[in-house]
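Novice: show me how the following folds:
(2 chains)
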Amino acid sequence: MSALRLAFSALLRDWRSGELMTLLAALIIGVTALSAVSMFTSRITVAVQRQAGEVLAADLVWRSGRPASAELRASAADFNLKTANVSSFPSMAWAGDEGSLAEVRAVDDAYPLRGTILVADKLFGESSATNAVPRSGEAWAEARLLARLGLEPGDTLRLGELDLVVGRVLERLPDQGFQFVDLAPTLLVNQADIGPSGLLGPGSRVTYRLLFSGEPADIAGFRSELEPLLEAGERLRGLEDVRPEIGVALKRAEQFLGLSALVSVMICAIAIAMAARRYAQRHLDTAALMKCLGASQRKILTLGLWQLGAIALIGGIVGTLLAYFAQALLAQVLSDMVGGNLPLPSAASLWLGPFTALAMILAFALPPLAQLRRVPPIRVLRKDVAPSPALFLAYLSAGAGIVLMLLAVLRETSMVLLSALALAGTLAVLYVCGWVLVYALRSVRGSGGAAWRYGLANLARRRRESVVQLVAFGLGLMVLLLLSVVRGDLLAAWQATLPADAPNNFLINIQPPEREALSAVFERHGVERPQYWPLVRARLAAINGVAARDIGDVSERGRRFLEREANLSWSDRLQIGNRLADGVWWDEDGQPPGVSVEVEFAEALGLALGDELRFDVAGEPVTGVVTSFRVVEWDSFRPNFFMVLSPGLLPEEAGTFISSAHVPGDQRQLFVDVARELPGVTVFDMEALLGQVRGVMDKAALAVQIVFLFTLAAGVVVLLAAVQASLGERRYEAAMLRTLGARRSLVLRAIATEFVVVGMLAGLLGAIGAGVAGAALASRVFELEYAGSGNLALVGLVAGALLVGVSGTLAARSAVQQPPVTVLRE
Amino acid sequence: MINHNSDTDVLTVDSLGKKVSSPEGSLTILEDVSFSVAGGETVAVVGPSGAGKSTLLALMAGLDTPSSGTVRLLGQDIGGLSEDGRAELRAGNVGFVFQSFHLLPSLTAIENVMLPLELAGNERAADAAATVLGEVGLSERLRHYPRQLSGGEQQRVAIARAFVTRPAILFADEPTGNLDGATGARIIELLFRLNEAAHTTLVLVTHDENLASGCRRRLLLGDGRLVGDEVAA
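Specialist: You can find the predicted model right below:
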């Protein structure tokens, strides 16, 4: 009979007897949780990215001074991408004799591929979203332009040789972008009108954009094919190049989801490890007997391998199916809340289940299986003989398994290593603390009744098992606390970075003498006076005496920084939302004079403290030494600057001021007054961008809550399984005690004492671990302010006592209620 | 299967010793035990508790390794074999009956009996197992699980499992130890009847006078030493 046949008949027998159930159940729960989380996360991540794509009105944008070639369009079609054409150029718009420079943007009917256009039917009226574009013969104009030309919707304006009817007031295009420069107001027209307008001839300053949208994989494939073929003057812009506010939100959202997935990995790892150990231990006698009857070590190993392979296959497939249904159901339920249809889970996330099952089984069940191979046949005569566990192999393979699974979920090597190290450290600390706590328990044994004494004596006597249980329960509770309490705090901290009164408008191009008048408008409308920041446009001309164009050794990003104009500011104090990473800030008198540089900007250009920067400010050289580096909260919705100079370095007359303010929706009339009284000041409405960031936050928060429920369920099952696993010996002892005359209630109280004490100790350890992990995550990963939760320890103690104590006691009750003879006979 | 006849020694034990380490230092369990068992012989190893009977059985069957001395089983010095080598020697050639039956709880009666045949690569395990189970009187119980059988029935399944490979030698460790007197007597009767029919060499460890008296030869152990070797007239 082949080993395969023998293995499967053995498997079938194990199945019939229920032996397999624990391991298979743990595996299926593990695979389901991990796969469902992964599938759901991938779908949500794509949805969140799509939302971010609204800032581009597309997933990818090609830009050039020449129209897109037929090859480019054909290539996009090959990748099943949708496209939209946008061309923009400056031109004069006229109303009678009144003329104003406008940025004309001509779009086709496919525009926008992502997001919506905000329009209003009258000046500063209620805005609404639309996916339509102006019809031929129609134009949508920004309020600034209409104010300058004295037009209202319904009037006619002239563009080149065309008369266009002003259809609507253009509030915001999804990809309008925003820079601290006074761009001409936008005039949105239909692409079909550009030819007849006669505006474009040879040498016109036109920017052509081709917008693409499609499945993430197609976009990535198209991008990688296109990138090497880009010619001079052509530029691609993807989601990673979007506004920092969105970028930061997106990154945090992914981190939160990643953290949840990570936690589910750990929970599953614990479950499988425990079940595998139990499975192997229950097979020690079988293996010994089979050796007695002539089975070789190899045969026992082969049998086990086939069995484990089959278990992995079944667990992987069943888990993946369950996961698919779970996340599909979830997506269905949440479709309203997450806005529209979620993209389908990627094919890669379908493979994750079987892969995970195999990796988990190999990592956690193989070492106990190897132990089976070494079981001495004399065990049939002497039960106490068992092979020494191959601890090194077990730890090594479990470690490798966890790292593999982390890689599958996180895909970022540094994060994986960090998490694995953190887990190993946590385990080591839990282990040591467990020993100390169990040792400390000995001193409280003397007090209390018989049940208390016996329960504690049990803990101390089975010191090794007690510590292992403490570590398992502690880790489980830590993960649950981390997910329940700390997760809530972290999410709240994140949402607190964008309070309800976060600035929703930027005002730029404010001349120094206009500040008073502008503040007066605000006060008149009962809105808090805005804050002003100086802004000076300048070019970084040289670093340490080397002219910018001669600097060769700099990153692509650094090159772009050198090529474009930079916004400089000066300030006597560090702005809110900025903190010093290195160096010193100047004193109140601006001494020592210098430049404070944002860290990522400094990295891109390879700057060091003490480097000398020379700027070209409207033809005048300004020199400053780098005196500090700053970390900037880009998602604060306040003006932020890559470079801030000490007061006095920049010529005061060279710059303007910018401001950000929160203006409630019912005070929008304020802007009509600003446009009328201070026509030079430009207002940028950030409400849409703010909404986009809030959208990302809310989706991520929702997804994390859902994932948390999954993981919580898995975690509780694991805790219960751990209780079950520790029950065998307790059942036997309870039967012995009752045989010796102990009353049932006394035995039950002793067991309850044991479980409650273990649960409380584990809860305490878990709470400390969760607190430390939360603080580390907040500062290292999420870069958020985290105050911590004072009652975490209390929650840990109570949760531990309840979860472990109650479930353990309940599980033990049935054993205590059985007649002792039934248990002793087993 | 290894050929054997009653004239050659199936088992030879020479100067066998076993020591184990304990908290109080080294503990001698067996010391300088020597004897031979010829093919077809029935041998009872008797002696008080702690005399080293079970240890001797384990060493003879190659389940454990001695501290000193040699064991030749079926013509092979098992001291020179690896654990796998000893398992291979046992496969199909050595049968066991244990005090606590050692049936696999997840296997039915017939599956338990098939197991040693399957391990030895026998393709017709089911037929052979059914036949032997018939011989021990359990034809009606083939599909029963051990927990559905009485103690005596479980030990019959274990005996069927021991004989199903037609082994050259059968080791039994207190086969009636867990059974009441009447059941034990029927098991003894069955064991000797099958042994006689198969011409198997039988070595059993027991306290049970009835069982020991059924054997032609008695080896008496005392304090880890062989203190008597009696052959019935």
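Novice: in three-state terms, label A:Val166 for me.
Specialist: strand (DSSP: H, G, I helix; E, B strand; the rest coil).
Novice: who touches it in this structure?
Specialist: A:Val166 makes contacts with A:138-141, A:146, A:151-157, as judged by C-beta atoms under 8 Å, 6 or more residues apart in numbering or on different chains. (Each C-beta comes from the backbone N, C-alpha and C, glycine too.)
Novice: secondary structure element for the residue most central in space within chain B?
Specialist: Nearest residue to the geometric centre of chain B (C-alpha atoms, centre = their mean): B:Phe171, 1.2 Å. Assigned by DSSP states H and E, B:Phe171 belongs to strand B:169-173.
Novice: likewise A:Arg223?
Specialist: Per DSSP H and E: helix A:216-226 holds A:Arg223.
Novice: mind checking what helix or strand follows that helix in sequence?
Specialist: strand A:235-238.
Novice: which residues touch that next one?
Specialist: By C-beta under 8 Å, 6+ apart, strand A:235-238 touches A:56, A:59-64, A:219, A:223, A:226-227, A:230.
Novice: for the residue of chain A found nearest chain B, what are its contacts?
Specialist: Residue nearest to chain B within chain A: A:Gly294 (2.5 Å; C-beta to the nearest C-beta). Each residue near A:Gly294 by C-beta under 8 Å, 6+ apart is listed here: B:87-94, B:116, B:119-120.
Novice: looking at the residues you listed, which are in strands?
Specialist: Per DSSP state E, strands hold the following members of the contacts of A:Gly294: B:Val94.
Novice: please list only the buried members of the contacts of A:Gly294.
Specialist: Neighbour counting by 16 or more other C-beta atoms under 10 Å in any protein chain shown classes B:87-94, B:116, B:119-120 among the contacts of A:Gly294 as buried.
Novice: grab the longest helix from chain B for me.
Specialist: Assignment by DSSP state H gives helix B:181-198 as the longest helix of chain B.
Novice: for it, which positions count as buried?
Specialist: So, applying 16+ other C-beta under 10 Å, buried residues of helix B:181-198: B:183-184, B:187-188, B:190-191, B:194-195, B:198.
Novice: which elements pack onto that helix?
Specialist: helix B:151-163, strand B:201-205, helix B:209-213 (3 or more C-beta pairs under 8 Å, 6 or more residues apart in numbering or on different chains; DSSP states H and E).
Novice: so can I have JSON lines of these showing distance to B:Ile78 and mean pLDDT?
Specialist: Converted to JSON lines, these look like this (distance: least, C-beta to C-beta, whole Å; pLDDT from 0 to 100):
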{"stretch": "helix B:151-163", "distance to B:Ile78": "19", "mean pLDDT": "91"}
{"stretch": "strand B:201-205", "distance to B:Ile78": "14", "mean pLDDT": "92"}
{"stretch": "helix B:209-213", "distance to B:Ile78": "26", "mean pLDDT": "85"}
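Novice: quick one: those as JSON lines, columns for distance to A:Phe473 and mean neighbour count too.
Specialist: Output for the helices and strands packed on helix B:181-198, formatted as JSON lines (distance: least, C-beta to C-beta, whole Å; neighbours: other C-beta atoms under 10 Å in any protein chain shown):
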{"stretch": "helix B:151-163", "distance to A:Phe473": "39", "mean neighbour count": "24"}
{"stretch": "strand B:201-205", "distance to A:Phe473": "45", "mean neighbour count": "26"}
{"stretch": "helix B:209-213", "distance to A:Phe473": "50", "mean neighbour count": "16"}
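Novice: for chain A, which of those is the nearest?
Specialist: Using C-beta to the nearest C-beta, the helices and strands packed on helix B:181-198 put helix B:151-163 closest to chain A, at 8.0 Å.
Novice: show me what the closest one is in contact with.
Specialist: Residues contacting helix B:151-163 (C-beta under 8 Å, 6+ apart): B:95-98, B:101-103, B:109, B:112-113, B:115-116, B:129, B:132-133, B:135-138, B:141, B:146, B:149, B:170, B:172, B:175-176, B:178-179, B:183, B:186-187, B:190-191, B:194, B:198, B:200.
Novice: not counting sequence-adjacent ones, nearest residue to A:Val133?
Specialist: Nearest non-adjacent residue to A:Val133, counting by C-beta to C-beta, 6 or more residues apart in numbering or on different chains: A:Val107, 5.1 Å away.
Novice: and what of A:Thr753?
Specialist: A:Thr753 sits nearest to A:Gly455 (C-beta to C-beta, 6+ apart), 3.0 Å away.
Novice: residues of the strand or helix carrying that neighbour that come out buried?
Specialist: Assigning secondary structure by DSSP H and E places A:Gly455 in helix A:450-461. Buried residues in helix A:450-461, counted by 16+ other C-beta under 10 Å: A:451-459.
Novice: export those residues as TSV, with columns for pLDDT and distance to A:Ser204.
Specialist: Formatted as TSV, the buried residues of helix A:450-461 follow (pLDDT from 0 to 100; distance: C-beta to C-beta, whole Å):
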residue	pLDDT	distance to A:Ser204
A:Ala451	72	92
A:Trp452	74	91
A:Arg453	74	94
A:Tyr454	73	93
A:Gly455	75	88
A:Leu456	75	88
A:Ala457	75	92
A:Asn458	74	88
A:Leu459	75	85
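Novice: surely A:Leu590 meets A:Ser646?
Specialist: Quick fix: residue A:590 is Gly, not Leu. Yes - counting by C-beta atoms under 8 Å, A:Gly590 touches A:Ser646, with 4.3 Å between them.
Novice: okay, the two: which has more neighbours?
Specialist: Higher neighbour count among A:Gly590 and A:Ser646: A:Ser646, with 23 against 16, using other C-beta atoms under 10 Å in any protein chain shown.
Novice: the more buried one contacts A:Gly594, correct?
Specialist: Yes - using C-beta under 8 Å, A:Ser646 is in contact with A:Gly594, at 5.7 Å.
Novice: what's the overlap in contacts for these two?
Specialist: Residues touching both A:Ser646 and A:Gly594 by C-beta under 8 Å, 6+ apart: A:586, A:624, A:627.
Novice: kindly indicate which of those residues lies nearest B:Ser82.
Specialist: The closest of the shared contacts of A:Ser646 and A:Gly594 to B:Ser82 turns out to be A:Thr627 (C-beta to C-beta; 74.8 Å).
Novice: ok, then the element right after the helix or strand harbouring the closest one?
Specialist: In this structure, A:Thr627 sits in strand A:620-632 according to DSSP H and E. Using DSSP H and E, the next helix or strand after strand A:620-632 towards the C-terminus is strand A:643-645.
Novice: identify the residues contacting the closest residue to chain A within chain B.
Specialist: For chain B and chain A, the shortest gap (C-beta to the nearest C-beta) falls at B:Ala91, measuring 2.5 Å. Counting by C-beta under 8 Å, 6+ apart, B:Ala91 touches A:293-295, B:116, B:119-120.
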